[in-house]
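Novice: No letters, just coordinates:
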């Protein structure tokens, strides 16, 4: 690559108006050490243009300047275009360009070099399991698998006529018919499917195989379906120079190339036109590290910084999750209308959100219905009604915010549960079903382990409030942490056992270990918002009462945590502590906790990495606290770890709410 001039930023000249219009995102993707100039480019260090289009390359040659060819990276967009998030992946090539096999390119150099050292990260499972592609469509076809009745052995991939990668791949239009004929000869017409280009027929553009497919009576795949799911079903995929061939290799198919794409000629494909200079023999993992990990530069809309392939992949996964759940919109009951702005980023723009303050379901719903779970559970009549119809139970997730929900702090995480809700063991929830039944891949287990490490390192918890813990003398005694809860909380109503009060929990912990040093941490909503659960004689039962202490500090100070159903038990497991439960929280019953309650449905054993993945990745939905777009838990952890206390979403709300709560609980003579 070009070196940075000694006097500062690399000055890049742009001569194409279309490229100039994208300069903000290009600068974000290329880094802070570049500066762009338009038109007057004589004093620049290099000239940049879009691939081989326009006259940028010629201008660079005339001026004796290096030329930088810019192109979409192989993960470039979400939703098929740049309307919402802009360009997310950029390739910068100072040698040639990836689709022009008539000359070397930077990606070719990277692939050749990759064969000499192991891939630092195996990106193949990530791209394959998440179905990541160049454009990542979010339409209903892309969310579904292979339609029933669609059967084939081979797929022949079309391209738009005039695509520069056809000539650049040393191929001609007639090579498409030659490729189709070869596939039919090998597999038979009844076993061959044709993948038309998504833009075939759009804006006057046409491919090469549409009419030929009709003439031979061949199956055509849905235009905007999930390519990875189709490729996984094929024994062989035929391409001229389409990037779909690389994605087919990742999906596990054999690939035949009738042109010379950048991924051909390295021993991984069957090549009609080998390239003599491509003598290296990288593994697929090494090739993907070069192509995706080194050639591409990526942007995270949720973090507003450059991203790794994995970070962008998890971001794409979050957009698909939103699109698949909320395509038909959501009518959410049991929520104050002033909280609409809190919920909207989880639902829109995939579907429309309407807020219905009343708990009871509608007689004739116009959209998918949901209800705030903890409110419905406290209303027996409404709970019975909701139990008898299709709905989503909605509740705060486990990595919520830098501040309390009671203070109208926006949530970064919500759960939308089709069966029940995680804190109600009386009925199955989506989380319990996943914990009972879902087998995780090795990639998913590694992701769970990575999140486990992140949570330990960053000390992020559900609310992330509280100060540091003053020094405590242990005197050689075991230390038990007892976290208080809001006693009318739905998790107590549905999940607690015989012990149902904070005072009862403290007494049970003291009885279990009379000689232990007991730390009692009141719930912040009890301390700050006056909700039920105050223990007047807590200082007489416990050795220390930890007021306004951060959960991670409290957990780090203990050897063991005793709880009814508090989420702090889950956080203690994450931090490697022993946990005893007196109720049936979602994390109990999987072999990780000592449990007083019987939980016969939860017989299987789960590792902490599996529990973390299913509870923090698979189950909740997240939005970035910074940009309010769907994202993964890793982004939320990073943002919560780097933020101070959040501000209420409604100005003045915190003070007004606290005054109202004090008046509500004040003695009659003060009202």
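Specialist: Sure thing, it's come through. Worth saying up front: this structure is predicted, and the values here are computed from it rather than measured. Numbers count the residues shown, from 1 in each chain.

Novice: Can you tell me the element residue 129 falls in?
Specialist: Assignment of secondary structure by DSSP states H and E places residue 129 within helix 124-130.

Novice: now do residue 456
Specialist: Using DSSP H and E, the element containing residue 456 is helix 442-458.

Novice: who does that helix touch, helix- and strand-wise?
Specialist: Applying 3 or more Cβ pairs under 8 Å, 6 or more residues apart in numbering; DSSP states H and E, we find helix 442-458 packed against helix 124-130, helix 568-574, helix 608-613, helix 633-641. Every residue, glycine included, has its C-beta placed from N, CA and C.

Novice: picking up where we left off before, buried residues, the helix holding residue 129. List them.
Specialist: 124, 126, 127, 128, 130 (16 or more other Cβ atoms under 10 Å).

Novice: on contacts alone, who are the packing partners of it?
Specialist: If you count contacts as 3+ Cβ pairs under 8 Å, 6+ apart, helix 124-130 packs onto helix 227-232, helix 244-251, helix 284-288, helix 309-326, helix 442-458.

Novice: Most tightly packed of those helices?
Specialist: Sort those by mean neighbour count, taking mean count of other Cβ atoms under 10 Å, and helix 244-251 sits at the top with a mean of 25.

Novice: Show me the shaky parts of the stretch 401-550 of the chain.
Specialist: Low-confidence segments of the stretch 401-550 of the chain, defined by pLDDT under 70: 402-408.

Novice: which residues in it form helices?
Specialist: 430-437, 442-458, 490-495, 502-512, 524-529, 538-541 (DSSP state H, counting those that start in this stretch).

Novice: what residues does the third one touch?
Specialist: Helix 490-495 has contacts (Cβ atoms under 8 Å, 6 or more residues apart in numbering) with 373-374, 377-378, 421, 423-426, 485-486, 500, 564-565, 583-585.

Novice: Restricted to strands, list those residues.
Specialist: Among the contacts of helix 490-495, the subset assigned to strands under DSSP state E is empty.

Novice: Return the members of those residues classed as buried.
Specialist: Burial by neighbour count, 16+ other Cβ under 10 Å: within the contacts of helix 490-495 this picks out 373-374, 377-378, 421, 423-425, 485-486, 500, 564-565, 583-585.

Novice: Nearest to residue 440 among these?
Specialist: Nearest to residue 440 among the buried ones among the contacts of helix 490-495: residue 585, at 21.0 Å, using Cβ to Cβ.

Novice: Was I right to think the closest one contacts residue 571?
Specialist: No: counting by Cβ atoms under 8 Å, residue 585 does not reach residue 571; the two are 11.4 Å apart.

Novice: how about the buried residues of helix 124-130 in a markdown table, adding distance to residue 456?
Specialist: Shown next, in a markdown table, are the buried residues of helix 124-130 (distance: Cβ to Cβ, whole Å):
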| residue | distance to residue 456 |
| --- | --- |
| 124 | 28 |
| 126 | 23 |
| 127 | 28 |
| 128 | 29 |
| 130 | 25 |
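
Novice: May I see the domains of this structure written out as residue ranges?
Specialist: Per automatic domain parsing, the domain ranges recorded for the chain read 10-110, 136-286+294-300, 466-634.

Novice: could you dump these to CSV with distance to residue 400?
Specialist: Supplementary listing: the domains of the chain in CSV, determined by distance: least, Cβ to Cβ, whole Å:
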stretch, distance to residue 400
domain 10-110, 25
domain 136-286+294-300, 21
domain 466-634, 10
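
Novice: out of those domains, which comes closest to residue 641?
Specialist: domain 466-634 (10.7 Å).

Novice: can you give me how far that closest one is from the chain middle?
Specialist: Mean-position distance between domain 466-634 and its chain equals 27 Å (Cα atoms, centre = their mean, to the nearest Å).

Novice: Equivalent analysis for stretch 226-242, please.
Specialist: Going by Cα atoms, centre = their mean, where stretch 226-242 is centred and where its chain is centred differ by 25 Å.

Novice: What is the linear distance spanned by that stretch between its boundary residues?
Specialist: 16 Å (Cα to Cα, to the nearest Å).

Novice: May I have the phi/psi pair for residue 90?
Specialist: Main-chain torsions, residue 90, degrees, to the nearest 10: phi -130, psi 140.

Novice: meant to ask about residue 76, not that
Specialist: phi -130, psi -30.

Novice: So it sits against residue 86, correct?
Specialist: No: taking Cβ under 8 Å as the definition, residue 76 is not a contact partner of residue 86, at 10.1 Å.

Novice: and those two? which has more neighbours close in?
Specialist: residue 76 (20 against 16; other Cβ atoms under 10 Å).

Novice: How about that one, nearest residue that isn't a chain neighbour?
Specialist: The shortest distance from residue 76 to any non-neighbouring residue, by Cβ to Cβ, 6 or more residues apart in numbering, is to residue 89 (4.2 Å).

Novice: Give me the neighbour count for that neighbour.
Specialist: Counted by other Cβ under 10 Å, the residues lying close to residue 89 total 22.

Novice: Run through the bridge partners of it.
Specialist: Residue 89 has the following beta-bridge partners by DSSP bridges: residue 298.

Novice: circling back: deepest of the helices and strands packed on helix 442-458, which one?
Specialist: It is helix 568-574: most buried of the helices and strands packed on helix 442-458 by mean count of other Cβ under 10 Å, with a mean of 25.

Novice: what's near enough to touch the residue nearest to residue 336 when sequence neighbours are not counted?
Specialist: If the residues on either side of it in the chain are set aside, residue 336 comes closest to residue 357, at 6.2 Å by Cβ to Cβ, 6+ apart. Listed by Cβ under 8 Å, 6+ apart, the contact set of residue 357 reads 333, 334, 335, 336, 337.

Novice: What of residue 526?
Specialist: Residue 526 touches 484, 486, 532, 533, 534, counting by Cβ under 8 Å, 6+ apart.

Novice: cutoff 10 Å now
Specialist: 484, 485, 486, 487, 502, 532, 533, 534, 535 (Cβ atoms under 10 Å, 6 or more residues apart in numbering).

Novice: Now distance to residue 395 too, for those, in CSV please.
Specialist: Converted to CSV, those look like this (distance: Cβ to Cβ, whole Å):
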residue, distance to residue 395
484, 20
485, 15
486, 14
487, 18
502, 21
532, 19
533, 19
534, 24
535, 26
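
Novice: of all the residues you listed, which two lie farthest apart?
Specialist: The span of the contacts of residue 526, defined through Cβ to Cβ, is set by 486 and 535 at 12.5 Å.

Novice: shared neighbours, these two?
Specialist: Contacts common to residue 486 and residue 535, judged by Cβ under 10 Å, 6+ apart, are 502, 526.
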